[in-house]
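Peer 1: Kindly generate the corresponding structure for this input.
(one chain, ligands or ions: 1)
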Amino acid sequence: MFDKYLYALGRGVRGAKKALEQARAAEAPDPVRDAKDVTPPPGDAAIATPAPRTKYDSSGIVDAVIARAPLVLGERPLVMGVVNVTPDSFSDGGKFYDADRAIAHGMSLVGEGADILDIGGESTRPNATPVDEDEELARVVPVIAGLAAQMSQQISVDTMKARVAEAAIAAGATVINDVWGFQRDGEMARVAAAHGVHCVLMHNRLSDDPAADMFAEVRTFLSRSIEMALAAGVAQSKIIVDPGIGFGKTAAQGYELVRRLGELKAALGFPILLGVSRKRLIGAATGRSAPTERMAGSLAAGLYGAMHGADIVRVHDVAAHVDAFKVLAAIEGRTTGNAR
Ligand code: PMM
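Peer 2: Got it, this is the predicted structure:
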C-alpha cells in the first residue's frame with residue numbers, strides 16, 4: 001500500500017499519512033460532492049468550489065483523479081506559488097519543512113489565487129547540500145498527494161531527478177520544473193514525454209561569469225533543452241522555457257535577461273516562465289538583504305516580466321502578484337477592472 005511506500009522512504013510519514021487520510025476521506029462516497037463531478041472553471045470559481053476526489057490503484061500509488069484546471073498559456077500571466085519543503089531554501093527554508101505545514105501553506109496560496117503551485121524538496125541555492133533521491137521523494141510526494149486531493153489547480157514538481165518527477169506525477173503533479181532543463185538527468189525528457197506533462201526547461205550554470213554573454217548562452221542552452229525534449233517525444237505545446245534568473249548569473253546579467261525577455265521569447269518561440277521573486281538581484285537594486293523584505297522589488301520585476309512576455313511568474317507572495325496582475329489586465333484593457 002501507499003503507506004508502506006512512504007514508510008520505506010523513511011521521512012515525512014506523519015504528513016503523508018494525514019494526506020492519505022484526507023485523500024481517503026475524499027474517496028468515500030459522498031452524494032453531494034459526487035453530484036458535482038465537473039471540472040470547475042479556472043479562476044475564483046475554481047478556488048471556491050474545488051472538487052476533491054482521489055482514488056488509488058491496486059499498487060497503492062496515488063492516482064489523483066481530480067481534474068486539473070487546464071494550463072492555459074498566453075491569455076494572461078499566470079501566478080505560480082512556491083512551496084519549498086526544504087530546511088534550507090534561501091527565502092523560506094525550514095518554514096514549511098513539515099508536510100502538514102507545506103500542504104496548509106500550498107492551500108493558502110491557492111486561496112490567494114495561485115494558478116499553479118511549485119513543490120520543491122531540494123534547495124537550488126548556491127552551496128546547498130544536495131539531497132538524495134529517497135529524501136527528496138519523502139519530502140515532496142506526501143505534499144503533492146495531499147494537495148492533489150484538495151485543489152484543482154496545476155501542481156508542478158521542482159526537481160532535477162527523473163525518479164522524483166515520476167513519483168510526483170503519480171501523486172498528482174502535472175508539470176515538471178527542471179532547473180537543469182533536462183540536461184542533468186538523461187531520463188527526465190523520457191519521463192515528461194511518457195506522461196504527457198508540461199515541462200519547464202530552465203537555464204542553469206554552476207558559477208557566475210560576469211564576462212559571459214549571458215543572453216546568447218541562455219538562448220543556446222535552452223535551444224538544446226528544447227531539442228532534447230522534442231527528440232524524446234514531448235509535445236511542442238507542453239514546453240515552457242525559463243532564463244533561470246539567479247542561477248550562475250550576476251545581478252546585471254539577470255536584469256539584462258529580464259529586460260530582453262520578449263527578445264528571448266521571440267528567439268525561442270516558446271512560452272516563458274520568469275522567477276525573480278525575492279532573489280539576490282532584487283536585493284542588489286534595493287539594498288534589502290533579507291529576502292522577505294524584497295516583495296515590492298519582486299513585484300516590480302514580475303510586473304515588468306508580465307508586460308514583456310512572461311506567461312508564468314513564479315512567486316512567494318501570491319496575493320500581491322495576483323492583485324498587481326489584475327490591475328495590469330485592467331490597464332491593458334483585458335478586463336473592465338469593474339470600473340464605472
Ligand atoms: N528559482 C528557484 C527554484 N526553482 N524554478 C524555475 N523554473 N525558475 C526559477 O527561477 C526558480 C526555480 C529558487 O528560488 P526558491 O529557492 O525560492 O524556490
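
Peer 1: contacts, neighbours, all on C-alpha from now
Peer 2: Will do.

Peer 1: What's the end-to-end length of stretch 169-184?
Peer 2: 19 Å (Cα to Cα, to the nearest Å).

Peer 1: Centre of the chain to it, how far?
Peer 2: Distance of stretch 169-184 from its chain centroid, counting by Cα atoms, centre = their mean, to the nearest Å, is 9 Å.

Peer 1: That stretch close to the ligand?
Peer 2: Yes. Counting by Cα under 6 Å from any ligand atom, the ligand has neighbours in stretch 169-184: 177, 179.

Peer 1: before we move on, what about stretch 210-218?
Peer 2: No. Stretch 210-218 is not in contact with the ligand by Cα under 6 Å from any ligand atom; minimum separation 13.2 Å.

Peer 1: Could you do stretch 109-122 as well?
Peer 2: No. No part of stretch 109-122 sits close enough to the ligand to count as contact by Cα under 6 Å from any ligand atom; the gap is at least 7.1 Å.

Peer 1: Between the two ends of that stretch, how far is it?
Peer 2: Per Cα to Cα, stretch 109-122 runs 20 Å from first to last residue.

Peer 1: How about the secondary structure of Cys199?
Peer 2: Classification of Cys199 by DSSP: H, G, I helix; E, B strand; the rest coil places it in strand.

Peer 1: quick one: which helix or strand includes whichever residue of the stretch 101-250 of the chain sits closest to the ligand?
Peer 2: Nearest to the ligand, among the residues of the stretch 101-250 of the chain, is Gly244, at 4.9 Å (Cα to the nearest ligand atom). Secondary structure assignment for Gly244, by DSSP states H and E: no helix or strand.

Peer 1: leaving aside the residues next to it on the chain, what's closest to Gln183?
Peer 2: The shortest distance from Gln183 to any non-neighbouring residue, by Cα to Cα, 6 or more residues apart in numbering, is to Ser225 (6.8 Å).

Peer 1: no wait, Ala114
Peer 2: Val79 (5.3 Å).

Peer 1: Validate this expectation: the one you found resides in a helix.
Peer 2: No. Assessed with three-state DSSP, Val79 is strand; it does not lie in a helix.

Peer 1: Can you tell me the SS state at the residue nearest to Leu78 when sequence neighbours are not counted?
Peer 2: Leaving aside its chain neighbours, Leu78 sits nearest to Ile312 (4.5 Å; criterion: Cα to Cα, 6+ apart). Per three-state DSSP, the local secondary structure of Ile312 is strand.

Peer 1: contacting residues around Ile312?
Peer 2: Ile312 sits next to 73, 77-80, 272-274, 306 when contact means Cα atoms under 8 Å, 6 or more residues apart in numbering.

Peer 1: Look up phi and psi at the residue of the stretch 101-250 of the chain closest to the ligand.
Peer 2: Dihedral pair for Gly244: phi 70, psi 60, per degrees, to the nearest 10.

Peer 1: What number of residues are in the vicinity of the residue nearest to it when sequence neighbours are not counted?
Peer 2: Residue nearest to Gly244 in three dimensions, not counting chain neighbours: His203, with 5.0 Å by Cα to Cα, 6+ apart. Burial of His203 is recorded as 25 neighbouring residues (other Cα atoms under 10 Å).

Peer 1: Ok, Ala232 next?
Peer 2: Ala232: 17 surrounding residues under other Cα under 10 Å.

Peer 1: quick one, what contacts it?
Peer 2: By Cα under 8 Å, 6+ apart, the contact list for Ala232 reads 189-190, 193.

Peer 1: just to revisit the earlier point, doesn't Asp118 make contact with the residue nearest to Ala114?
Peer 2: No. Using Cα atoms under 8 Å, Val79 makes no contact with Asp118, being 10.3 Å away.

Peer 1: Of the two, give the one with the bigger neighbour count.
Peer 2: Neighbour totals were compared for Val79 and Asp118, and Val79 leads with 27 against 23 (other Cα under 10 Å).

Peer 1: the helices in the stretch 1-150 of the chain, which residues?
Peer 2: In the stretch 1-150 of the chain, the helices defined using DSSP state H, counting those that start in this stretch lie at 2-9, 13-27, 31-35, 44-48, 99-111, 133-148.

Peer 1: Convert the C-alpha atoms of the last one to CSV, please.
Peer 2: Output in CSV follows, covering the C-alpha atoms of helix 133-148 (Å, rounded to 0.1, in the frame of the first residue of the first chain):
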residue,chain,number,x,y,z
GLU,A,133,16.6,10.8,-4.1
ASP,A,134,14.8,9.0,-1.3
GLU,A,135,14.9,12.0,1.0
GLU,A,136,13.6,14.3,-1.8
LEU,A,137,10.8,11.8,-2.6
ALA,A,138,9.8,11.6,1.1
ARG,A,139,9.6,15.4,1.2
VAL,A,140,7.6,16.1,-1.9
VAL,A,141,5.3,13.1,-2.6
PRO,A,142,3.2,13.4,0.6
VAL,A,143,2.8,17.1,0.0
ILE,A,144,1.8,16.7,-3.7
ALA,A,145,-0.6,13.9,-2.8
GLY,A,146,-2.2,16.0,0.0
LEU,A,147,-2.6,19.0,-2.3
ALA,A,148,-3.8,17.0,-5.3
